[in-house]
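Chemist: 3D model of this:
(one chain, ligands or ions: 2)
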Amino acid sequence: MVEVKTIQFDKPVVKGTIQVPGDKSISHRAIMLGSIASGKTTVTGFLEGEDCLRTIDIFKKLGVSIEQNGTDVLIESPGIQDWTTPVGELYAGNSGTTARLLLGILSGSSVNSVLTGDDSLSKRPMKRVTIPLQSMGASISGNDEGDYLPLSIKGESLKGIDYQMQVASAQVKSAILFAGLNAHGLTVVKEFAISRDHTERMFKQFGANIQQDGNVVSLQGGQVLKGTDVVVPGDISSAAFFMVAAAMVEGSTVEFVNVGLNPTRTGIIMVLEKMGAQVEVLERYGEKEEPYGTIRVSNSHLKGISIEGDIIPTLIDELPIIALLATQAEGITIIKDAEELRVKETDRIAAVTNELNKLGAQIEATDDGMIIKGPTPLKGAKLKSYGDHRLGMMAAIAALITEGPVEIENPSCIAISYPNFFEQLSDLIKKGEDE
Ligand SMILES: O=C(O)C1=C[C@@H](OP(=O)(O)O)[C@@H](O)[C@H](O)C1
Ligand SMILES: C=C(OP(=O)(O)O)C(=O)O
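Modeler: Ligands and ions are numbered 1, 2, ... in the order given. Now for the predicted structure:
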């Protein structure tokens, strides 16, 4: 039976201060690097989302001791050279980041393993990482020339690579950098548009020598990492749902504390400002490692804009919720150069267009994005999540402005990245009612 959650509000306003859960990309990398390094690593602010829990399970199977207690994690590892061959398959669940980064890590390890995933992940392309990894000497095999999970990986001695990226993807860049860490010689990755740089920043935190020069990242192989203490800021991609709620619902203001402000992730702030929402960055810390701070977003008149080019990788996961925002902006919003949306947990161009149009939105899907006409009043309807957490949250936030209830099919997928989403939504609405 399909699980359905019905959401209905009566003229809601969102108000208050929230701390969103830890950043998903940074949480994955903290577990990965803490497991590659030898010695003790602590992680605070870890995201207890299903994707990151899958990453922990995998490293436990490789012989790393990981104790997770809520958002605190203690890792004690013998180091990548002394991992043990896992019993059974390594299951990455729904998580593209887990699968792709692990392909890079496992290729240069000394263990043999089989990586699997759920139905959605088993349809997502892996060749983008297996091709560069194979040219570094990786031994990866599977169906369709290794394009899809399950994939078998035989740990090998790798050699460095000079690689020009074909897609703007931090997962591809990171997989190559992880492999490069355990390879002989120099690895160079050249991007055409800069994608999130959490891997590069965290390599430095673990004592690696890695150079970033504009779009070019390089590192010498054979570096040995040492355990350290990692603090994970709040996930701006999770905050984005309530930023959009605050920007779009009349009378609303929300303050986000301890939220990540890494410039490779803050495209959403630029978009909100350009559309006319009020956005203030109140505090900023941690420039050396991962920048974070406090932001306040308030509602005001919104206008349509064009979103394309180099900004796309800095807001790629926010495009579903930005599409909802655009339905409330005056004029046309054009999203281009975002063909990567077609290979996420679901085809997010098709899914966003289908679902928001059921509410009365006027969105036309294009090959690489969407054209959204606004403002359109939205009505209630039954929406599919497609098992995609970002689609599920988009549907819930839409319910703040629909005339009539929104029913969400399979809402539990939201726990993939934002386990306490509905609690935080209720808190903000309650604060709005109280004021
Ligand atoms: O490296 C990462 O942590 C991520 C990179 C992005 O994917 P791509 O690298 O496929 O663009 C993003 O969509 C994903 O949610 C997380
Ligand atoms: C695309 C996403 O994640 P992943 O690629 O790790 O599954 C996401 O979180 O929106």
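Chemist: low-scoring stretches of the stretch 251-400 of the chain, by residue?
Modeler: Of all residues in the stretch 251-400 of the chain, none has pLDDT under 70.
Chemist: Provide the secondary structure category for whichever residue of the stretch 251-400 of the chain sits closest to ligand 2.
Modeler: Relative to ligand 2, the nearest point of the stretch 251-400 of the chain is residue 317 (3.9 Å; C-beta to the nearest ligand atom). Every C-beta, even on glycine, is put in place using the N, C-alpha and C of the backbone. Per DSSP: H, G, I helix; E, B strand; the rest coil, the secondary structure class of residue 317 is helix.
Chemist: which residues touch it?
Modeler: By C-beta atoms under 8 Å, 6 or more residues apart in numbering, the contact set of residue 317 is 237, 240, 344, 390.
Chemist: May I have the phi/psi pair for the nearest residue to residue 299 once chain neighbours are set aside?
Modeler: Using C-beta to C-beta, 6 or more residues apart in numbering and skipping residues adjacent in sequence, the residue nearest residue 299 is residue 252, 4.8 Å away. Per-residue torsions, residue 252: phi -90, psi 150 (degrees, to the nearest 10).
Chemist: Next up, the contacts around residue 252.
Modeler: Counting by C-beta under 8 Å, 6+ apart, residue 252 touches 13, 14, 15, 245, 246, 298, 299, 432.
Chemist: For my notes, please list these in a markdown table and give secondary structure for each entry.
Modeler: Formatted as a markdown table, the contacts of residue 252 follow (three-state DSSP):
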| residue | secondary structure |
| --- | --- |
| 13 | coil |
| 14 | coil |
| 15 | strand |
| 245 | helix |
| 246 | helix |
| 298 | strand |
| 299 | coil |
| 432 | helix |
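Chemist: Between those residues, which sits nearest residue 398?
Modeler: Lowest distance from residue 398 to the contacts of residue 252 (C-beta to C-beta) belongs to residue 245, with 9.8 Å.
Chemist: from memory the closest one sits against residue 254, does it?
Modeler: Yes. If you go by C-beta atoms under 8 Å, residue 245 and residue 254 touch, sitting 7.1 Å apart.
Chemist: anything in contact with each of those two?
Modeler: Common contact partners of residue 245 and residue 254 (C-beta under 8 Å, 6+ apart): 14, 428.
Chemist: quick revisit: can you list which of the contacts of residue 317 are found in helices?
Modeler: The members of the contacts of residue 317 that map onto helices under DSSP state H are 237, 240, 390.
Chemist: Which of those ranks first by neighbour count?
Modeler: Among the ones in helices among the contacts of residue 317, the one with the most neighbours (other C-beta atoms under 10 Å) is residue 240, at 31 neighbours.
Chemist: Give me the distance between that one and ligand 2.
Modeler: 11 Å (C-beta to the nearest ligand atom, to the nearest Å).
Chemist: where's that residue relative to residue 333, distance?
Modeler: 16 Å (C-beta to C-beta, to the nearest Å).
Chemist: Can you give me every residue that contacts the closest residue to ligand 2 within the chain?
Modeler: Ligand 2 sits closest to residue 96 of the chain, with a gap of 2.7 Å, by C-beta to the nearest ligand atom. By C-beta under 8 Å, 6+ apart, the contact set of residue 96 is 121, 124, 171, 344, 345.
Chemist: State the pLDDT value of it.
Modeler: What the model reports for residue 96 is a pLDDT of 98.
Chemist: Residue 247 contacts residue 274, doesn't it?
Modeler: No. If you go by C-beta under 8 Å, residue 247 and residue 274 don't touch, sitting 11.5 Å apart.
Chemist: what's the nearest residue to residue 128 if we skip its chain neighbours?
Modeler: residue 172 (5.1 Å).
Chemist: The helix or strand hosting that neighbour: how far from the chain's middle?
Modeler: For residue 172, the host element (DSSP states H and E) is helix 170-181. Centre-to-centre, helix 170-181 and its host chain are 16 Å apart (C-alpha atoms, centre = their mean, to the nearest Å).
Chemist: Looks to me like residue 412 is in a helix.
Modeler: Yes. Under three-state DSSP, residue 412 sits within a helix.
Chemist: Give me the pLDDT for the nearest residue to it once chain neighbours are set aside.
Modeler: Leaving aside its sequence neighbours, residue 412 sits nearest to residue 3 (C-beta to C-beta, 6+ apart; 6.2 Å). Residue 3 is assigned 96 on the pLDDT scale.
Chemist: Over to residue 143?
Modeler: pLDDT at residue 143 comes out at 82.
Chemist: quick one: terminal-to-terminal distance for stretch 299-313?
Modeler: In stretch 299-313, first residue to last residue: 25 Å (C-alpha to C-alpha, to the nearest Å).
Chemist: for that stretch, which positions count as buried?
Modeler: 299, 302, 304, 305, 307, 311, 312, 313 (16 or more other C-beta atoms under 10 Å).
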